[in-house]
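prediction below, plus the sequence it came from.
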Amino acid sequence: MSKKFTQQRREHAEPYEGSHPIPLVVLGIIAALLLWAVWHLYASYTPMPADVGDDRIAADFMVPVSADGGQLYTANCVACHQANGSGVPGVFPPLSKSEWVDAADAGVMVRIVLHGIHGPLTVEGVQYNGEMPHFQDKFSDEEVAAIVSHVRTSFGNSASTIDAKFAAQVREETKSQTTPWKGDEDLRPLLDKK
């Protein structure tokens, strides 16, 4: 025999498909499992009465449309002004009992929230020289009203609340303000005239 055919003889035959029936034992096991599954579903079926459940409807899962001033404050202001509104001494001014928050004209605080502050600002006789970001592009009128109202009625403050219409009016009046307020220089006259 030549070397040419030696390698071919070592190989096994190629697999092929044929009619090899599944053993009856395996078919019997499959049939028994299927019958047991059908019987189990039938025997353990318990219809759920309509009065079972938590009685909630789709409307119960709706997110409130109105803005929540407390949530807005927590998400945007707590880092600087703290959870209790006391600020950080020498760095961030307090909102608690602040003349800016308790001002008779709530428009002063709306202006601050909308356009921010840059430069020295005196709060309760202490001067702060920092930066407050503007929120005019971030907050809607309703959100501005919610956060201003929250601060004016929290942390020991008892000033009046405002609505979205008032916030929109102040936004319109100050639309030409493109930079932050210059602290006392721009805002003190507004506070003193009321």
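The structure has been received and is ready for your questions.

around Tyr73, how many other residues sit close by?
As a burial measure, Tyr73 scores 21 neighbours (other C-beta atoms under 10 Å). Glycine gets a C-beta too; all of them are placed from N, C-alpha and C.

also Asp163?
13.

check contacts around it.
Ala145 (C-beta atoms under 8 Å, 6 or more residues apart in numbering).

kindly list the longest helix within this structure.
helix 24-43 (DSSP state H).

roughly how far is that helix from the heart of the chain?
Centre-to-centre, helix 24-43 and its host chain are 51 Å apart (C-alpha atoms, centre = their mean, to the nearest Å).

Gly119 should be in a strand, yeah?
Yes. Under DSSP: H, G, I helix; E, B strand; the rest coil, Gly119 falls within a strand.

what secondary structure does the residue most central in space within the chain sit in?
In the chain, the residue lying closest to the centroid (C-alpha atoms, centre = their mean) is Ala75, at 8.3 Å. At Ala75 the chain is in helix, as set by three-state DSSP.

list the buried residues in stretch 138-147.
Residues Phe139, Asp141, Glu142, Glu143, Val144, Ala145, Ala146, Ile147 are the ones in stretch 138-147 that count as buried (16 or more other C-beta atoms under 10 Å).

send the alpha carbons of the longest helix of the chain over as PDB?
Extracted C-alpha coordinates of helix 24-43, given in PDB (Å, rounded to 0.1, in the frame of the first residue of the first chain):
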ATOM      1  CA  LEU A  24     -39.600   4.800  23.400                       C
ATOM      2  CA  VAL A  25     -38.400   5.300  26.900                       C
ATOM      3  CA  VAL A  26     -37.400   9.000  26.200                       C
ATOM      4  CA  LEU A  27     -40.700   9.600  24.400                       C
ATOM      5  CA  GLY A  28     -42.600   8.100  27.400                       C
ATOM      6  CA  ILE A  29     -40.700  10.400  29.800                       C
ATOM      7  CA  ILE A  30     -41.500  13.500  27.700                       C
ATOM      8  CA  ALA A  31     -45.200  12.500  27.500                       C
ATOM      9  CA  ALA A  32     -45.400  11.900  31.300                       C
ATOM     10  CA  LEU A  33     -43.800  15.300  32.000                       C
ATOM     11  CA  LEU A  34     -46.200  17.000  29.600                       C
ATOM     12  CA  LEU A  35     -49.300  15.300  31.200                       C
ATOM     13  CA  TRP A  36     -48.000  16.200  34.700                       C
ATOM     14  CA  ALA A  37     -47.600  19.900  33.700                       C
ATOM     15  CA  VAL A  38     -51.100  20.100  32.300                       C
ATOM     16  CA  TRP A  39     -52.600  18.400  35.400                       C
ATOM     17  CA  HIS A  40     -50.600  20.700  37.700                       C
ATOM     18  CA  LEU A  41     -51.800  23.900  35.900                       C
ATOM     19  CA  TYR A  42     -55.400  22.600  36.100                       C
ATOM     20  CA  ALA A  43     -55.200  21.500  39.800                       C
END
